[in-house]
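A.B. asks: Need the 3D shape of this:
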Amino acid sequence: MNIMWMPFVLVLVILVLLALVRLFLGPTAGDRAVSVDTVNTLVVAILILLGVYFKEVIYIDVAIVFALLSFVGTLFVAKYLGGEL
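C.D. replies: Reported below is the predicted structural model:
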């Protein structure tokens, strides 16, 4: 891997680990939902970074679809936690 990408990869890995800590230690369901959404957003960023590194458009397409599904899932969880479902 090119050395230029190492700081970005390191920052994303640290952020994913911090979000996973919040996922397991979060005192409320809302905290856990926010941390899952954060992990999903970071996965989208990682996919875009992989697409740039490998110069493949398919990673960007997968990132867009994953972001859309993550958004719909977040809306569903928010409605569930709000008591509307």
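
A.B. asks: so who does the most centrally placed residue in the chain touch?
C.D. replies: Closest to where the C-alpha atoms of the chain average out (C-alpha atoms, centre = their mean) is Asn40, at 2.0 Å. Counting by C-beta atoms under 8 Å, 6 or more residues apart in numbering, Asn40 makes contact with Phe66, Ala67, Ser70, Gly73, Thr74. In this view, the C-beta of every residue, glycine as well, is placed from N, C-alpha and C.

A.B. asks: which residue sits closest to the fourth one in space, ignoring its chain neighbours?
C.D. replies: Closest residue to Gly73 apart from its sequence neighbours, by C-beta to C-beta, 6 or more residues apart in numbering: Asn40 at 7.8 Å.

A.B. asks: Please identify which helix or strand holds that neighbour.
C.D. replies: Assigned by DSSP states H and E, Asn40 falls within helix 29-54.

A.B. asks: Packing partners of the helix or strand that that helix is followed by?
C.D. replies: Using DSSP H and E, the helix or strand that directly follows helix 29-54 along the chain is helix 57-81. Secondary-structure packing of helix 57-81 (3 or more C-beta pairs under 8 Å, 6 or more residues apart in numbering; DSSP states H and E): helix 29-54.

A.B. asks: before we move on, the earlier item: the helix holding Asn40: how far from the chain's middle?
C.D. replies: Offset of helix 29-54 from its chain centre (C-alpha atoms, centre = their mean, to the nearest Å): 1 Å.
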